[in-house]
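**Q** Okay, structure incoming, though there's no sequence with it:
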């Protein structure tokens, strides 16, 4: 049965959610896509979690998406000879390439790419932004800085350079290894970290090809001037508010979140809002009211999905966090104001046949009060264009490609089904009608709007809109049972 909501839930797996029973409970509570975070855990652990996801998928009989989130390059200081040091405002502090352990006056920064990008007056952020340094002078192998905001600095703390575009690839050697591993597993989405420029996505695309979709994490301010190009080249966007909040003033992040959601929706690209959404539920059974409001705001803004990180990966209440997020989303979507917001902000369709058909499908649904929209899609593009319209009814995404069905589990409003292909109009109508009835999209006597492309089985040819009545027929159940494919249980 379809979820009683359109906005999807992404949950990160970790020590608190690795077994079959834990993952099953999370999926039952509302998870649509599971995230494997390559920044934590081993490839062996992620492979085991992936196998458990697929076993749960087979049990539940519905496609589940899997996102492998790459770590990205990690910029860190070196070590200190005598343990942590205290930096005070006004102190002078040197960063250089010398690997000798540091002290209260200097530290190793083993990243020549950073020094190549520095200029006097630029700020450096250490330890997740808790310490702020300002460059006074610099060279290709060093920087003399003044401490603007002090704190305790210890071994291998992170470094951020918010005001510069660094000459670094978004893919480290670890990322390349994890990418090969993930593609070998068969993950549906690759989360690309540390993206600064469109070329970073093109580099990843050459390695990934069509084996997975790319989800670009917008977490670097350097990416913002070319955000539109980055969205165009990506299959989906993640608003990574935690990292953005380190390098940008906190008051800038909410406006950027809204801008990215709006632009992604206009371009028909799924967008996830992530980081600290129900953070207090890492240790508490209920969220703060501010956190509930944060999740609700992302839903009102029109995000395709909201995400849990530590809450589900290492928290004490992973299932409760998912259930709480599910309740918040459903409550928002049943608010009449939500429907008015979605209807008031329909993006103008592009001058293409597929956009014209998708926009018309939404209008027909509203006019005749149809039960849903059924889309036959090879790559998922047809279903995503229907999702872009934010109709007030479920979208049944029917695909003969299993990975496409899994990828569509991220798209707003899409109830994806892995099915056999259709070869003619009669089969298209009977298949859509039967599956819609079986999957709980509509009942006998209700109308269903169908979109597809002719010739059948060819990508990018959405050119048909058909309105049918769901009928009771002797072979309807057999038609549906034979058409809905079930994922095999993976050992």
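**A** Looks like it arrived, so ask away. Treat the numbers as computed from the prediction; the structure is a model and nothing was measured.
**Q** Distance from the chain centre to the longest helix along the chain, please.
**A** Taking DSSP state H as the assignment, the helix of the chain that covers the most residues is helix 43-60. Distance of helix 43-60 from the chain centroid (C-alpha atoms, centre = their mean, to the nearest Å) equals 19 Å.
**Q** quick one: contacts of it?
**A** Contact with helix 43-60 is made by 13, 18-20, 23-24, 27-28, 34, 36, 38, 63-64, 66, 68, 177-178, 181-182, 185-187, 486-491, as judged by C-beta atoms under 8 Å, 6 or more residues apart in numbering. Backbone N, C-alpha and C define where each C-beta goes, glycine included.
**Q** For the buried ones among these, write the corresponding PyMOL selection.
**A** Applying 16 or more other C-beta atoms under 10 Å to those, the buried members can be selected in PyMOL as follows:
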select buried, resi 13+18+23+24+27+34+36+38+63+64+66+68+178+181+182+185+187+487
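**Q** This structure - how does it break down into domains?
**A** Following automatic domain parsing, the chain resolves into domains at 8-72+169-335, 85-160, 346-483.
**Q** how close does residue 159 sit to residue 132?
**A** Separation of residue 159 from residue 132 (C-beta to C-beta, to the nearest Å): 11 Å.
**Q** Also residue 432?
**A** From residue 432 across to residue 132, the span is 58 Å (C-beta to C-beta).
**Q** pLDDT (mean, whole number) over the longest helix of the chain?
**A** Mean per-residue pLDDT for helix 43-60: 97.
**Q** Report the buried residues of that helix.
**A** Judged by neighbour count using 16+ other C-beta under 10 Å, the buried positions of helix 43-60 are 43, 46, 48, 49, 50, 52, 53, 54, 55, 56, 57.
**Q** now stretch 69-86
**A** 69, 70, 71, 72, 73, 75, 77, 78, 80, 85.
**Q** One more: stretch 432-448?
**A** Neighbour counts over stretch 432-448 (16+ other C-beta under 10 Å) mark 432-439, 441-442, 446-448 as buried.
**Q** gap between it and the chain center?
**A** The chain centre lies 30 Å from the centre of stretch 432-448; the measure is C-alpha atoms, centre = their mean.
**Q** measure that stretch end to end?
**A** Taking C-alpha to C-alpha, to the nearest Å, the first and last residues of stretch 432-448 lie 8 Å apart.
**Q** For residue 146, the count of nearby residues, please.
**A** For residue 146, the tally of surrounding residues (other C-beta atoms under 10 Å) stands at 14.
**Q** How confident was the prediction at it?
**A** 97.
**Q** for it, phi and psi?
**A** Backbone torsions for residue 146, taken as degrees, to the nearest 10, come to phi -120, psi 140.
**Q** surely it meets residue 131?
**A** No: distance between residue 146 and residue 131: 11.8 Å, which falls outside the contact criterion (C-beta atoms under 8 Å).
**Q** quick one: the residue nearest to residue 412 when sequence neighbours are not counted and residue 313, what's the gap?
**A** Nearest non-adjacent residue to residue 412, counting by C-beta to C-beta, 6 or more residues apart in numbering: residue 304, 4.3 Å away. Distance, residue 304 to residue 313, using C-beta to C-beta: 21 Å.
**Q** more neighbours, those two?
**A** Neighbours per residue (other C-beta under 10 Å) separate residue 304 from residue 313, with residue 304 holding more: 28 against 22.
**Q** My read is that that one contacts residue 408, right?
**A** No: Residue 304 lies out of contact with residue 408 (C-beta under 8 Å); the separation is 10.8 Å.
**Q** Show me whatever sits in contact with both of those two.
**A** Residues within reach of residue 304 and of residue 408 at once, by C-beta under 8 Å, 6+ apart: there are none.
**Q** quick one: contacts for the closest residue to residue 278 other than its chain neighbours?
**A** Distance criterion C-beta to C-beta, 6+ apart; nearest residue to residue 278, sequence neighbours excluded, is residue 287 at 4.5 Å. Residue 287 makes contact with 278, 280, 281, 321, 324 under the criterion C-beta under 8 Å, 6+ apart.
**Q** again, only this time at 10 Å
**A** Going by C-beta atoms under 10 Å, 6 or more residues apart in numbering, residue 287 touches 277-281, 293-295, 311, 317, 320-321, 324-325, 328.
**Q** Of those residues, grab the buried ones for ChimeraX.
**A** To isolate the buried ones among the contacts of residue 287 in ChimeraX, judged by 16+ other C-beta under 10 Å, type:
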select :277,278,279,280,281,294,295,311,317,320,321,324,325,328
